[in-house]
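Q: Fold the following.
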Amino acid sequence: MTPLLLALVLHVASDAPRAVDLLPDTGALVLAQRPAEVPQPLTDARKLADQLRYEEAVIEYQRYLGVAERPTRERATALLELGFIHLVLGDEKTAEDRAFQALELDSSLELPSTAPARQLDFLARLRKDYQTRPRLKVEPRQGDDPGPLVRVSVADPQGRVKKVLLRHSLSPTGPFHSTELSCAGSDCQGSIPPPPDAASFTAWYYVEALDGARATLARAANPEAPLQLSVVGRKPWYQSPIVWGLTGVGLVAVTSVVFLLSPPPPR
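A: Numbers count the residues shown, from 1 in each chain. A predicted model of the protein is given here:
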């Protein structure tokens, strides 16, 4: 048993809301849910952590997190669990990144007072930093927005953000290209460039805020779980089958009129 690792137990009662408790006397992170509710990769990850096989547990957590369509609370809890495993493995930077991602999904995540001091101090420090660090939010589209336009609001209490980038790809797995957003105050916007000769397309993207040294300060989504945008456009008039059809009908009509009005050939 290691004093640095916790067990997260999620109690689900039919007449009470869910509450997260940490049991410091156990040696692994285990989330007690109904078996049918827990995806298999997450079950496997917790089982490996329970067996102190932390490196293998990290792989299974990443497998679980690689699927974007996960319940928000469940995903946030898994990220926090993974963060504590990285803390046990001595990778504090990655532990901080995972904990920040968890707080971005659910800022109400808490540890009980019985948790080990290192975890309590770690989460308290990150929560304080989270409240002052820059944050990005992708805003809902407006009715008259062009198809590929993306709107983002920036919260930057300390004025550290120097550039906001739209990372976009025509594939959910990348590679992601960059387009700098145009910002006026806290409102930024930019468009995903369409592929050549395509009026309709689907793109995947995330947004990244950088400081003056081009270090990442905040993200909205990420390359592992990007957002999706589908653009349905119109073909240029010269590519439209309707235009070609009407043109053909017009040519037939003109030819018929010319034929009927033409004088008969001499006999």
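Q: Tell me how many other residues surround residue 131.
A: Residues near residue 131, counting by other Cβ atoms under 10 Å, number 11. From N, CA and C alone the C-beta is placed, and that goes for glycine too.
Q: Could you check which helix or strand contains it?
A: Per DSSP states H and E: residue 131 is located in helix 117-132.
Q: Buried residues, stretch 115-126. List them.
A: 115, 116, 119, 120, 122, 123, 126 (16 or more other Cβ atoms under 10 Å).
Q: Who are the packing partners of the helix holding residue 131?
A: Packing partners of helix 117-132 (3 or more Cβ pairs under 8 Å, 6 or more residues apart in numbering; DSSP states H and E): helix 72-88, helix 92-105.
Q: same question for it, mean pLDDT?
A: Helix 117-132 shows a mean pLDDT of 90.
Q: strand partners of the host helix or strand of residue 137, parallel vs antiparallel please.
A: Element membership of residue 137 [criterion: DSSP H and E] is strand 135-138. According to DSSP bridges, strand 135-138 forms sheet pairs with strand 149-155 (antiparallel).
Q: buried sites along stretch 100-120?
A: Quick answer for stretch 100-120 (16+ other Cβ under 10 Å): 100, 101, 102, 103, 104, 105, 109, 111, 115, 116, 119, 120.
Q: Report the contact partners of the nearest residue to residue 96 once chain neighbours are set aside.
A: Once flanking residues are discounted, residue 96 sits nearest to residue 126: 6.1 Å by Cβ to Cβ, 6 or more residues apart in numbering. Contacts for residue 126 (Cβ atoms under 8 Å, 6 or more residues apart in numbering) come out as 96, 99, 100, 103.
Q: Could you pull up phi and psi at residue 183?
A: Dihedral pair for residue 183: phi -120, psi 140, per degrees, to the nearest 10.
Q: quick one: pLDDT of it?
A: pLDDT, read off for residue 183, is 96.
Q: Count the neighbours of the closest residue to it other than its chain neighbours for me.
A: Closest residue to residue 183 apart from its sequence neighbours, by Cβ to Cβ, 6+ apart: residue 164 at 6.0 Å. Neighbour count for residue 164, taken as other Cβ under 10 Å: 24.
Q: Could you list the paired strands of the helix or strand hosting residue 164 along with their orientation?
A: Using DSSP H and E, residue 164 falls within strand 163-169. Sheet partners assigned to strand 163-169 using DSSP bridges are listed as strand 177-180 (antiparallel), strand 201-210 (antiparallel).
Q: So in that sheet, which strands flank the helix or strand following the longest one, and in what orientation?
A: This means strand 201-210. Next along the chain after strand 201-210, taking DSSP H and E as the criterion, comes strand 216-220. With DSSP bridges as the test, strand 216-220 is paired with strand 201-210 (antiparallel).
Q: What residues sit buried inside the partner strand?
A: Quick answer for strand 201-210 (16+ other Cβ under 10 Å): 201, 203, 204, 205, 206, 207, 208, 209, 210.
Q: Could you check the pLDDT of the residue nearest to residue 82 when sequence neighbours are not counted?
A: Take residue 82 and drop its neighbours on the chain: the residue closest to it by Cβ to Cβ, 6+ apart is residue 61, 4.4 Å away. With respect to pLDDT, residue 61 has a value of 97.
Q: thought residue 61 was touching residue 75?
A: No. At 10.7 Å, residue 61 and residue 75 do not qualify as touching, with contact defined as Cβ atoms under 8 Å.
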